[in-house]
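> Only the shape, not the letters, is given here:
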RNA sequence: GGCGUGUUCGUCUAACGGUUAGGACGGAGCCCUCUCAAGGCUUAAAUACGGGUUCGAUUCCCGUACGCGCUACCA
């Protein structure tokens, strides 16, 4: 496919929604797969919904996820600016063309009147559309009223008959009768365009080849198609993505869990996992592979394999994927994020080498990054207390005695590795005529304070001889 | 209300007229084992309903039901 240009066009409402991330991702994957260009455009045509810092936040979430745009705010290309509030003259100019061509008209109805009309329509159970009161005002009269300073909007003049048909890469052919289409407002009283005008004008101006967006836009696409026809422009190819859903089937919303990309980031999800997970909400490679890197997604993505129905955002699957991606990382890579997390908890000064050995032991057993700092804290400091259940179960009257036998062997041990500490412990068990388990559990409790964690002897090896003996001594002192 | 759109295990999905309807997450059980995990194995679990078309429908068509979306001078 040549000259693919696609865009992700969010409105800056404060943060990047995971549904938005998926839309951005599919755009990105499609662009990269086809040697195209991925554009970020900010749709800030609603002055009342301005949020400070929202654009920066959007960009930082996108960048974090690795979904990098080729053109957009801060990366000016040949089609900028990429922020709609900086392109107002375009919309104004195009609107004039439409009015001159009798494809649009000025409407002087007040919000109050519109509200009344709507109320009546609801009361009469009629469909809710503008009653087209101003549609037939002669242009000369309209111009006069505008010049006199009367507030107005510009509405598109939807043909009363006929129908609009367009193709969608995901839905197939969609047809809607013009008769049910509203005379959509194109230019608001404040001089800003509505989404419907701006999206068409900009997609054309920026030479967008494929419009890939959420399914919620499907019903307004016919108006957009009409606008393309009014202007005499070629239609882009449309693809309306299925929605992301809450567990109860409604559109994914804030009320039922985290929806901001940054929430998942701070909770310790890897970008690789989030991207992988979100890509699979609506797309699959056609076989049973599930673990994909961004590059692998780029290599295989196609709209032929994008489904039509909404997908529930299932956190269990995300957890599992995160686990899988953590395993794929090297200790060095993990260290980069683990170290600051430890520092936050006051654990500093531990050598990288040591930390990497800890990570190696832990990385197969955790699901999110903070688990590194919460699951086995004994790697970072001596236990101050001992797990009560473990003590009750594994610490008996003869335990102290048993441990001293082991400590004696460990103290004399030159080669404090997992293999030798295990060998020495099993030898001690034989001497004492007890099962190895009878010793292993108390030693674990003494060395770690808890009764969970990686293989004991590997833990001891990482902890080292000195620490192990110190902790065992302390345990005997406090537990008796 | 109108319009649109969708419907395969609880969830994500595969099967583009012929399969014992497959996989994954989650669940259950077993194994492994020094604990907790991880891992391995096994298992329960689905084609919304009704009509067609066809030798044969998960698959194609129609209807019904249900879900969702849209119905703003919000995007």
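Ah, there it is. Computed from a prediction, not measured in an experiment: that's the story for all the values here.
> buried set for the strand or helix carrying residue A:199?
Element membership for residue A:199 (DSSP states H and E) is helix A:195-205. Using 16 or more other Cβ atoms under 10 Å as the test for burial, helix A:195-205 gives A:195, A:196, A:197, A:198, A:199, A:200, A:201, A:202, A:203, A:204. Where C-beta positions appear, they are placed from N, C-alpha and C, glycine not excepted.
> Looking at those residues, which one is closest to RNA strand B?
Using Cβ to the nearest atom of the strand, residue A:195 is the member of these that lies nearest RNA strand B, at 3.5 Å.
> List, out of the buried residues of helix A:195-205, those positioned next to RNA strand B.
residue A:195 (Cβ under 7 Å from any atom of the strand).
> which two of the buried residues of helix A:195-205 lie the greatest distance from each other?
A:195 and A:204 (14.7 Å; Cβ to Cβ).
> about what we covered before: return the list of helices and strands in contact with the helix holding residue A:199.
For helix A:195-205, the packing partners by 3 or more Cβ pairs under 8 Å, 6 or more residues apart in numbering; DSSP states H and E come out as helix A:88-100, strand A:185-187, helix A:221-231.
> Show the contacting residues for the nearest residue to residue A:31 once chain neighbours are set aside.
Distances taken as Cβ to Cβ, 6 or more residues apart in numbering put residue A:38 closest to residue A:31, at 4.0 Å, once the chain neighbours are dropped. Shown in contact with residue A:38 (Cβ atoms under 8 Å, 6 or more residues apart in numbering): A:6, A:7, A:8, A:27, A:28, A:31, A:32, A:67, A:68, A:69, A:70, A:71.
> mind checking how far the helix or strand where the second one lies is from the chain centre?
Right, the one you point to is residue A:7. Element membership for residue A:7, per DSSP H and E: strand A:5-8. For strand A:5-8, the distance from its own C-alpha centre to the chain's C-alpha centre is 18 Å (Cα atoms, centre = their mean, to the nearest Å).
> who does that strand touch, helix- and strand-wise?
Using 3+ Cβ pairs under 8 Å, 6+ apart, strand A:5-8 sits against helix A:18-33, strand A:37-40, strand A:210-214.
> Whether the second one contacts RNA strand B - can you check?
Same thing as strand A:37-40. No. Counting by Cβ under 7 Å from any atom of the strand, no contacts exist between strand A:37-40 and RNA strand B, the nearest distance being 12.8 Å.
> Identify each buried residue in that strand, please.
Those would be A:37, A:38, A:39, A:40, for strand A:37-40 by 16+ other Cβ under 10 Å.
> List the residues that contact residue A:231.
A:94, A:97, A:98, A:200, A:204.
> export those residues to a markdown table and tack on pLDDT?
As requested, the contacts of residue A:231 are exported to a markdown table (pLDDT from 0 to 100):
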| residue | pLDDT |
| --- | --- |
| A:94 | 97 |
| A:97 | 96 |
| A:98 | 96 |
| A:200 | 98 |
| A:204 | 98 |
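> Pipe those into TSV and attach distance to residue A:165 per row.
As requested, the contacts of residue A:231 are exported to TSV (distance: Cβ to Cβ, whole Å):
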residue	distance to residue A:165
A:94	24
A:97	24
A:98	22
A:200	17
A:204	20
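> sorry, back to before: contact partners of the strand holding residue A:7?
Residues contacting strand A:5-8 (Cβ under 8 Å, 6+ apart): A:20, A:23-24, A:27-28, A:30-31, A:36-41, A:62, A:69, A:203, A:206-212.
> In ChimeraX, select just the buried ones from those.
Listed next is the ChimeraX selection for buried residues among those, using 16+ other Cβ under 10 Å:
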select /A:20,23,24,27,28,30,31,36,37,38,39,40,41,62,69,203,206,208,209,210,211,212
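> What strand or helix carries residue A:173?
Per DSSP H and E: strand A:172-177 holds residue A:173.
> again, but for residue A:288
Using DSSP H and E, no helix or strand contains residue A:288.
> Could you report the pLDDT at the residue nearest to residue A:78 when sequence neighbours are not counted?
Once flanking residues are discounted, residue A:78 sits nearest to residue A:71: 8.0 Å by Cβ to Cβ, 6+ apart. Note for residue A:71: predicted pLDDT of 97.
> residues near residue A:71, how many?
Residues contacting residue A:71 under the criterion other Cβ atoms under 10 Å number 20.
> so it makes contact with residue A:81?
No. Contact criterion Cβ atoms under 8 Å: residue A:71 and residue A:81 do not qualify, at 10.5 Å.
> Now do the helices in the stretch 301-450 of chain A.
For the stretch 301-450 of chain A, applying DSSP state H, counting those that start in this stretch gives helices covering A:315-328, A:331-344, A:352-362, A:371-374, A:388-394, A:399-411, A:418-432, A:436-448.
> which bits of the stretch 151-300 of chain A sit near RNA strand B?
Residues of the stretch 151-300 of chain A lying near RNA strand B (Cβ under 7 Å from any atom of the strand): A:151, A:153, A:171-172, A:174-176, A:180, A:182, A:185, A:188-190, A:192-195, A:215-220, A:242-243, A:245, A:249-251, A:280-282, A:284, A:286, A:288, A:290.
> touching RNA strand B at all, stretch A:48-58?
Yes. Residues of stretch A:48-58 contacting RNA strand B under Cβ under 7 Å from any atom of the strand: residue A:49.
> gap between that stretch and the chain center?
In terms of Cα atoms, centre = their mean, the centre of stretch A:48-58 is set 17 Å apart from its chain centre.
> go on, stretch A:53-65?
Put simply, stretch A:53-65 sits 11 Å off its chain's centre (Cα atoms, centre = their mean).
> Outside of that stretch itself, list whatever touches it.
With contact meaning Cβ under 8 Å, 6+ apart, stretch A:53-65 is reached by A:8, A:10, A:12-16, A:21, A:24-25, A:40, A:42, A:44, A:68-69, A:72-74, A:83, A:260-262, A:265, A:271, A:274-275.
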